[in-house]
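Colleague: my questions concern the predicted model and sequence given below.
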Amino acid sequence: QVQLVESGGGLVQAGGSLRLSCVASGRTFSSMGWFRQAPGKERERVAAISWRAVTTYYAYYADSVKGRFTMSRDNAKNTVYLQMNSLKPEDTAVYYCAASEKSTSMPQDHWGQGTQVTVSS
């Protein structure tokens, strides 16, 4: 059974930082990503990585988060992270972890339950 469990969301002031975590289990994944959905908006891809063995060979960041967000992974813990710095009110959304067994720039085969991030101005 595939499980993606996110944590780390919360309320933070503009300019602050949060680190989201996603623990994956049940399958061997080759790609994972972070997506977000704000009220009244479509879900958007924030960051994604693909790898073979220990080498990350693809990384994507949305233009709106480049230079502020960093996605990383810990193979030993089957965990990916999203370090979010210099947060802005427009980053407020539910953040979802997603994964795929395939090497893809849009890993969307499996989803976590989401974690709320709220940035106050």
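Modeller: In hand now; what should we look at?

Colleague: lowest-pLDDT helix or strand in the protein?
Modeller: strand 55-61 (a mean of 86; mean pLDDT, DSSP states H and E).

Colleague: elements contacting that one?
Modeller: The contact analysis (3 or more C-beta pairs under 8 Å, 6 or more residues apart in numbering; DSSP states H and E) places strand 55-61 against strand 44-52, strand 69-74. Every C-beta, even on glycine, is put in place using the N, C-alpha and C of the backbone.

Colleague: strands paired with the last one, and their directions?
Modeller: Translated: strand 69-74. strand 79-84 (antiparallel) (DSSP bridges).

Colleague: same deal with the longest one?
Modeller: In the sheet containing strand 44-52, the strands it pairs with under DSSP bridges are strand 31-37 (antiparallel), strand 55-61 (antiparallel).

Colleague: report the contact partners of residue 49.
Modeller: Residues near residue 49 by C-beta atoms under 8 Å, 6 or more residues apart in numbering: 31, 32, 33, 56, 58, 59, 60, 71, 73, 80.
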